[in-house]
Structure formats: structure tokens, C-alpha cells
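Novice: Sequence below, structure please.
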Amino acid sequence: MVRGKTQMRRIENATSRQVTFSKRRNGLLKKAFELSVLCDAEVALIIFSPRGKLHEFASSSMHETIERYQKHTKDNQANNPPSEHNMQHLKHEAASMMKKIEQLETSKRKLLGEGLGSCTIEELQHLEQQLERSVTTIRARKMQVYKQQIEHLKEKFGLQTRGGGGEGGSNEERAVAPSADISEVSDVETELFIGLPETRHKRPYQK
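Specialist: Modelled structure (predicted):
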């Protein structure tokens, strides 16, 4: 019985994608090291993460290995000029890439809600699922940005908690921003009260 090949696709979940990247990267670096030691091979490995962070391994000198590769490629091209067969292959690859670009453009327009008249119910359901996953990812990122902005504002205005000294302290706690920083936001003194309503003390309005 012949089993079909498993189609490899990009991991949609950002957290799972980052975990998988870290595991595969570490495994690849380990294999590159083992290959250089066991086989006395000159190995150079360069990896850029999705965020642009560089990870590399070189059994000797990364710079010298790259120069050696460039020289070898240049000499190989000089000794083996493109043949008619290679030219036909390149033309075929270019045509295939153009077709893929057209398919991506069509898919993009459909995701934007354009050109849906020819879609079947299955295609529309697939598009709907794609959009729902995208919205979920965007909302998760938005909440993360909100939390980061809140933490940034807390650090900017130097919010400090005053009240009970530990778990056995008073039930009333207040977070007060220094007047010098608060004046940048409002001319009115602002206080943030934390606690039961009956523990709040009204203060007279100050200009």
C-alpha cells in the first residue's frame, strides 16, 4: 500500500511556530557540529529567525568558508557555461513561478472579498476559516500590545502602591503618581484608589 506524502505547511499559531523553530534550530546546529567532527568536514550554517535574529555555526571560519564557496561557485560557472538544456529548465521555472504568482494574487483578492463569484461552497468555507484564524491571531496580538502599553505607562508615570506592608497590611491601597509627571497629563491632581468604596476619602478639588 502506497501512502501519500504529508503536505508540509506553515504553522499558523505563532507560539507553536516559535517553539518548533527553537527545537529544529537546535537540532540542526547539533547535527552540523556532529558532521564537522565525525567526518572532518568544513561546515558553515546560517539561520535567520522570522524576527531577523542571526544563528550561525562554523567548524572553522565563517568568513573563510563563505569565500571558499563563492570561489568554487564562480569557478564552476566559468567551467560549465549554461547549456541549452539549462536554459529551457530556467524558462520552465520562470513560467512556473509566474503561474504561482498569479495564483497568490487570486487568493489575495479572494481574501479581500473580491472575485468570489466563481468560488464553490467548499472554497468559501475554507476562506472563512482562514479569516477566522487571522482574526483570532490579530486579537491576541492586540491584547498583548495593550498589556505592553499599560506596563509602559506604569513605568512612565512611576505608579507606586502605598498601603499595607505585606499580606497582613491594611486593606486600603492607593497608587499615586508623582505630581511632576501627572502635570504633563492634566492640571487636576489625579489619584487612583484601590479598595472598597467605603475606604475612599474625598479630597477637595485643586486647581
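Novice: Please make it C-alpha for all contacts and neighbour counts, starting now.
Specialist: OK.
Novice: Strands of this protein, start to end?
Specialist: In the chain, the segments counted as strands under DSSP state E are 44-48, 54-58, 160-162, 173-176, 192-194.
Novice: Who are the packing partners of the longest helix seen in the chain?
Specialist: For the chain, the helix with the greatest residue count under DSSP state H is helix 121-157. Packing partners of helix 121-157 (3 or more C-alpha pairs under 8 Å, 6 or more residues apart in numbering; DSSP states H and E): helix 84-111.
Novice: Could you give me the buried positions within the helix it packs on?
Specialist: By neighbour count on 16 or more other C-alpha atoms under 10 Å, the buried set for helix 84-111 is 110, 111.
Novice: now that helix: mean pLDDT?
Specialist: Mean pLDDT, computed over helix 84-111, is 86.
Novice: got it, and stretch 22-40?
Specialist: 95.
Novice: can you check stretch 50-66 too?
Specialist: 91.
Novice: ends of stretch 115-122, how far apart?
Specialist: 15 Å (C-alpha to C-alpha, to the nearest Å).
Novice: Contacts for that stretch, please.
Specialist: By C-alpha atoms under 8 Å, 6 or more residues apart in numbering, the residues outside stretch 115-122 that reach it are 109, 110, 124.
Novice: Which pLDDT value belongs to the last one?
Specialist: What the model reports for residue 124 is a pLDDT of 89.
Novice: And for it, nearest residue in space, chain neighbours not counted?
Specialist: Spatially, and ignoring its direct neighbours in sequence, residue 124 is nearest to residue 116 (8.0 Å; C-alpha to C-alpha, 6 or more residues apart in numbering).
Novice: Which phi and psi values does the one you found adopt?
Specialist: Backbone torsions of residue 116, given as degrees, to the nearest 10, read phi -90, psi 0.
Novice: since we're on it, how many residues are nearby?
Specialist: Using other C-alpha atoms under 10 Å, residue 116 is surrounded by 14 other residues.
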